[in-house]
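Undergrad: Return atomic coordinates for the entry below.
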Amino acid sequence: MLCRLAHFIIAAFFIADAASAATPLAYVTVDRNTPGAVVTDQILGMNMVNWYSMTTKGLAGALAQGGIRAVRWPGGSNSDLYHFASNNDCNKGYVNSASSFDNFINNVAAPDKLDVAVTLNYGSNATCNGGGSPTDAQGWVAYALAHGDNVTHWTVGNENYGSWEYDLHPLKHSATTYAQAVATGFYPDIKAGNPKALVGVVASPGYNWDQIVLAQAKYDFVEYHFYAQTPGKETDAYLVGEAADELAAQLAEIKTELATAGKPKTPIYVGELGSVYTNPGKQSTSITQALYAGEALGELMNAGVARATWWLGFGSCTNPSTANFSSSLYGWQNFGGYQVFSDGTPEYGCPGATAVPIGTLLPTARAFQLFAMVAKNGEHALPISLAGNDTYLRAYAATAGAGTALVLINTNETDDQRVSIAIAGVGSASNVTETYYDRKIYDESKSNVWEGPHSLSRGAQVLPLELNLSPWSMTVVQLLN
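TA: Numbering: from 1, shown residues only. As a prediction, this is how the structure comes out:
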């Protein structure tokens with residue numbers, strides 16, 4: 001019996017190897033001779049919000065573990081309600097009493113030396129009876145400078161082109177009103193508060209907004225927000241297979257608009273980025289959003305985006321009664337939400353959620369953790385050519401000193417992806433390491449371990465190098481020359 005079992009196991013290995021060998025290769029060729037955009041670690045960013053306590057222990061440590069290098073404050077549409085001096089909102093908005101600007105800086109940004117972006121209040125003044133005050137904005141900028149806070153980016157308002165945004169100006173959501181307010185008020189006043197402060201305007205191609213704002217306002221950068229899907233209509237196939245291409249197309253359109261406005265070298269900051277624009281469900285804490293996050297980071301790197309902050313680090317939880325937990329979406333967990341680091345469940349919004357300690361890295365945070373191995377300041381994105389069986393393969397590359405770092409994403413849910421990696425003009429690597437996060441690791445987290453990426457060293461290798469990518473996986477390959 002034991003002999004038969006041994007023969008069966010050996011036969012099974014031979015069958016598996018034969019099946020793997022029969023799978024056609026995808027050929028990945030990296031061109032180190034034609035470096036692209038300069039890489040910055042500022043694309044590894046997270047939104048933090050003032051309705052979640054900034055005195056909660058472990059926030060900074062979790063962000064550091066996830067590779068986060070930039071943060072945005074005080075939180076989306078809430079910014080057009082929020083008044084820094086009083087730490088309160090107009091329109092009866094909620095602000096956590098422990099989430100003052102100082103607490104955010106001292107407990108979250110300063111410990112990890114994170115770069116900070118602030119969204120200033122364009123929508124309302126301190127008495128909540130008119131539009132935002134440039135003088136108030138100047139006071140915040142001057143305060144941050146005087147206290148040595150590492151705030152580099154100041155955006156005037158949040159999504160002010162949209163009817164959903166709080167706006168007490170006589171002409172609400174007006175591109176002309178906004179552009180004039182920035183050009184004659186916010187921009188000069190902010191520069192008076194700190195001449196080195198970078199001032200940004202909100203941009204949104206397709207809203208008949210950019211043509212006026214980009215031409216008439218004064219600014220040092222533009223801030224753009226991208227959400228891939230409509231709530232209730234999420235699909236894993238679109239998110240994993242197509243959404244990142246739409247992001248790349250939108251970034252290209254903004255670059256065209258800036259060129260038309262005569263400002264082609266203006267940096268782009270993607271202030272909010274996520275899989276669905278409201279009411280996130282099961283997909284947001286699944287392996288599928290993690291894969292999309294990896295692809296999005298790759299597109300940001302290739303496009304030379306100066307800064308990006310995902311929506312959001314902490315402060316959101318949903319349950320099956322309020323969000324999309326359709327069986328058509330992959331995932332096993334009984335909670336969703338925007339948070340990519342656990343808020344500490346169960347909590348408000350999902351009281352029945354499985355207990356997950358505060359700061360635990362959820363799947364999307366694992367994608368940032370992996371990409372932190374690639375997005376290094378001063379490196380360059382590298383062009384890649386794909387050939388062969390590449391239908392389900394996405395690939396990104398960057399210099400890594402004298403070596404090369406690749407991000408390989410298998411978008412196939414069920415099948416392995418065999419790849420052959422070559423670097424033009426390079427015949428070997430002194431050491432190759434492979435670090436990956438995949439569907440299997442995610443599935444095995446059902447015991448609430450929430451395990452992270454696995455890593456292995458392959459030592460010196462002759463190129464081209466063949467690797468096998470597991471289904472629905474994100475893999476970082478580092479090749480040292």
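Undergrad: The protein: helices as residue ranges?
TA: 2-22, 59-65, 101-104, 134-146, 175-181, 187-193, 210-216, 236-241, 243-260, 287-303, 363-371, 439-443 (DSSP state H).
Undergrad: Just put these in TSV and tack on mean neighbour count.
TA: For every residue, glycine as well, the C-beta is placed using N, CA and C. Putting the helices of the chain into TSV (neighbours: other C-beta atoms under 10 Å) gives the following:
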stretch	mean neighbour count
helix 2-22	9
helix 59-65	20
helix 101-104	20
helix 134-146	18
helix 175-181	19
helix 187-193	19
helix 210-216	19
helix 236-241	20
helix 243-260	17
helix 287-303	27
helix 363-371	26
helix 439-443	19
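Undergrad: Now distance to residue 389 and mean pLDDT too, for those, in a markdown table please.
TA: Formatted as a markdown table, the helices of the chain follow (distance: least, C-beta to C-beta, whole Å; pLDDT from 0 to 100):
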| stretch | distance to residue 389 | mean pLDDT |
| --- | --- | --- |
| helix 2-22 | 11 | 44 |
| helix 59-65 | 35 | 98 |
| helix 101-104 | 48 | 98 |
| helix 134-146 | 52 | 98 |
| helix 175-181 | 47 | 98 |
| helix 187-193 | 52 | 98 |
| helix 210-216 | 40 | 98 |
| helix 236-241 | 16 | 98 |
| helix 243-260 | 19 | 98 |
| helix 287-303 | 19 | 98 |
| helix 363-371 | 23 | 98 |
| helix 439-443 | 19 | 96 |
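Undergrad: Of those helices, which is nearest residue 225?
TA: helix 243-260 (9.9 Å; C-beta to C-beta).
Undergrad: helices or strands next to the closest one in the packing?
TA: If contacts are counted by 3 or more C-beta pairs under 8 Å, 6 or more residues apart in numbering; DSSP states H and E, helix 243-260 sits against helix 210-216, strand 221-229, strand 268-276, helix 287-303.
Undergrad: Dump the helices of the chain into a markdown table; add distance to residue 464 as well.
TA: Listed next are the helices of the chain as a markdown table, based on distance: least, C-beta to C-beta, whole Å:
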| stretch | distance to residue 464 |
| --- | --- |
| helix 2-22 | 16 |
| helix 59-65 | 34 |
| helix 101-104 | 48 |
| helix 134-146 | 51 |
| helix 175-181 | 52 |
| helix 187-193 | 52 |
| helix 210-216 | 44 |
| helix 236-241 | 26 |
| helix 243-260 | 26 |
| helix 287-303 | 21 |
| helix 363-371 | 23 |
| helix 439-443 | 26 |
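Undergrad: of the helices and strands packed on helix 243-260, which approaches residue 480 most closely?
TA: Comparing those by C-beta to C-beta, helix 287-303 comes nearest, at 20.1 Å.
Undergrad: Kindly calculate the angle that the closest one makes with helix 363-371.
TA: Per axes from the mean of the first three to the mean of the last three C-alpha atoms, to 10 degrees, the angle that helix 287-303 makes with helix 363-371 is 40 degrees.
Undergrad: Check which helices and strands helix 287-303 is in contact with.
TA: helix 236-241, helix 243-260, strand 268-276, helix 363-371, strand 393-400, strand 403-410, helix 439-443, strand 473-480.
Undergrad: so how far is it off the chain centroid?
TA: 7 Å (C-alpha atoms, centre = their mean, to the nearest Å).
Undergrad: Now it - C-alpha only, PDB.
TA: Extracted in PDB, the C-alpha atoms of helix 287-303 (Å, rounded to 0.1, in the frame of the first residue of the first chain):
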ATOM      1  CA  ILE A 287      -7.600  40.000  -2.700                       C
ATOM      2  CA  THR A 288      -9.200  41.600  -5.800                       C
ATOM      3  CA  GLN A 289      -8.800  45.100  -4.500                       C
ATOM      4  CA  ALA A 290      -5.300  44.300  -3.400                       C
ATOM      5  CA  LEU A 291      -4.400  43.300  -7.000                       C
ATOM      6  CA  TYR A 292      -6.000  46.500  -8.400                       C
ATOM      7  CA  ALA A 293      -4.000  48.600  -5.900                       C
ATOM      8  CA  GLY A 294      -0.800  47.000  -7.200                       C
ATOM      9  CA  GLU A 295      -1.800  47.700 -10.800                       C
ATOM     10  CA  ALA A 296      -2.800  51.300  -9.900                       C
ATOM     11  CA  LEU A 297       0.600  51.900  -8.200                       C
ATOM     12  CA  GLY A 298       2.300  50.600 -11.300                       C
ATOM     13  CA  GLU A 299       0.400  53.000 -13.500                       C
ATOM     14  CA  LEU A 300       1.100  55.900 -11.200                       C
ATOM     15  CA  MET A 301       4.800  55.100 -11.300                       C
ATOM     16  CA  ASN A 302       4.800  54.800 -15.100                       C
ATOM     17  CA  ALA A 303       3.000  58.100 -15.400                       C
END
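Undergrad: end-to-end on stretch 336-343?
TA: Its first and final residues considered, stretch 336-343 spans 11 Å by C-alpha to C-alpha, to the nearest Å.
Undergrad: Likewise for stretch 422-435?
TA: The first and last residues of stretch 422-435 sit 18 Å apart, counting by C-alpha to C-alpha.
Undergrad: Rounded mean pLDDT for stretch 155-166, please.
TA: Summarised as a single mean, pLDDT over stretch 155-166 is 97.
Undergrad: so who does residue 296 touch?
TA: Applying C-beta atoms under 8 Å, 6 or more residues apart in numbering, we find residue 296 in contact with 243-244, 247, 273.
Undergrad: Go through these and name the one nearest residue 86.
TA: residue 273 (30.1 Å).
Undergrad: Tell me, what's the model's pLDDT at that closest one?
TA: Residue 273 is given a pLDDT of 98.
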